[in-house]
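Novice: structure for this input, please:
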Amino acid sequence: MADVPNTRQASLAPILPRLPLLSSVEAGWQGITLEHFRYPPFETPEYSYANHKIAIHTHISPNLHVKRRLDGRVQCEQVLTEQAIVIPARVTHQVQWDRTSEFSILTLDPDVLSQLAYEAIAPDRVDLLPCLPQVDPLIQQIGLTLKSELEMNGGQDRLYVEALVNCLGIHLLRKYSAVPPTFSQAGQLPQSVLKQVTAYIQEHLEQDLKLADLSALVGMSTCYFASSFKKATGISPHQFIVRCRLQRSQHLLKKSDAAISDIAIQCGFSSQSHLTRLFRKHLGTTPKTYRNEVK
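Specialist: Residues are numbered from 1 along each chain as shown. Presented below is the predicted three-dimensional model:
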């Protein structure tokens, strides 16, 4: 049986001979890796990893059948949409499929769940339960959203990725943990604390802002802070930062003659295309068109 070590580089490469079509390894994500594969009929050896694995089918061939051995249990299955397979760390897994299959694998560092559990009323040890395929629309949507972020933006919006990872971790703890934790209800962020956080955001918009840094600034856990911030503002920290960056970009487009690519970097976007995509999404136009209209 293959036992793959817990490293950032650990992927399914030792199990699947072909490299993934898409990978987040070079994007610098913390705590999670996404890899996307398209594979003809294949049978893997039995293996286990030091990280948690979540498999999501993205495109399903008609009548795709799978034979799976998970933690000693064997099952023959017909793959359906919105199914997720949760393979906890150190749990043995072996699978074979009979038609070309396209799927994403999320590799989650166990420390992510341990930290989330520590922030909740939870046991000291987090044990995920092996899960044969079951419909889980939330995991499916998080996986597809991470894949889209990687494809469209190179995975550079790390605050967005961090928020998605926290959401995934909380969901796994609630639904797949042997002893589900109890998360305390967050109250609204006090106005003095909100003012401190928003001032910090405005002063550091051009930097790679992280949810962990914002929460540490006010001495809160990431989950509690994110929930309290949303109660106080009506939007998530990530949405608030995007709004601030777009407002600054509008000001610079109107008041300066700097290149749009330079403005994008000054406002904290990873590239001009990143700025353009969000500008069009939220404001219904492009930076170039906006500049021409307000000049």
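Novice: so where does residue 132 fall, helix or strand?
Specialist: Assigned by DSSP states H and E, residue 132 falls within strand 131-135.
Novice: name every strand pairing with that strand and say which way it goes.
Specialist: Each strand paired with strand 131-135, and its direction, by DSSP bridges: strand 83-87 (antiparallel).
Novice: the partner strand: what's the following helix or strand?
Specialist: Immediately after strand 83-87, counting by DSSP H and E, sits strand 93-97.
Novice: quick one: that next one to strand 83-87, angle?
Specialist: 150 degrees (axes from the mean of the first three to the mean of the last three C-alpha atoms, to 10 degrees).
Novice: what comes into contact with strand 93-97?
Specialist: Residues outside strand 93-97 that contact it (C-beta atoms under 8 Å, 6 or more residues apart in numbering) are 39, 41-48, 53, 64-71, 79, 87. (C-beta placed from N, C-alpha, C; glycine too.)
Novice: ok so, going back, may I have the helix or strand just after the strand holding residue 132 exported as PDB, CA atoms only?
Specialist: Per DSSP H and E, the first helix or strand lying C-terminal to strand 131-135 is helix 137-153. Taking Å, rounded to 0.1, in the frame of the first residue of the first chain, the C-alpha atoms of helix 137-153 are listed here in PDB:
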ATOM      1  CA  PRO A 137     -24.000  20.400  -2.900                       C
ATOM      2  CA  LEU A 138     -22.000  22.700  -0.600                       C
ATOM      3  CA  ILE A 139     -18.700  20.800  -1.100                       C
ATOM      4  CA  GLN A 140     -19.400  20.600  -4.800                       C
ATOM      5  CA  GLN A 141     -20.000  24.400  -5.000                       C
ATOM      6  CA  ILE A 142     -16.800  25.200  -2.900                       C
ATOM      7  CA  GLY A 143     -14.800  22.900  -5.100                       C
ATOM      8  CA  LEU A 144     -16.100  24.500  -8.300                       C
ATOM      9  CA  THR A 145     -15.600  28.000  -7.000                       C
ATOM     10  CA  LEU A 146     -12.000  27.200  -6.000                       C
ATOM     11  CA  LYS A 147     -11.400  25.800  -9.500                       C
ATOM     12  CA  SER A 148     -12.900  28.900 -11.100                       C
ATOM     13  CA  GLU A 149     -10.800  31.200  -9.000                       C
ATOM     14  CA  LEU A 150      -7.700  29.300 -10.100                       C
ATOM     15  CA  GLU A 151      -8.600  29.300 -13.700                       C
ATOM     16  CA  MET A 152      -9.700  33.000 -13.900                       C
ATOM     17  CA  ASN A 153      -7.300  34.600 -11.500                       C
END
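Novice: what is helix 137-153 packed up against?
Specialist: With contacts defined as 3 or more C-beta pairs under 8 Å, 6 or more residues apart in numbering; DSSP states H and E, the packing partners of helix 137-153 are strand 22-23, strand 32-39, strand 52-59, strand 83-87, strand 101-108, helix 158-176, helix 272-283.
Novice: give the buried residues for it.
Specialist: 139, 140, 142, 143, 146, 147, 149, 150, 153 (16 or more other C-beta atoms under 10 Å).
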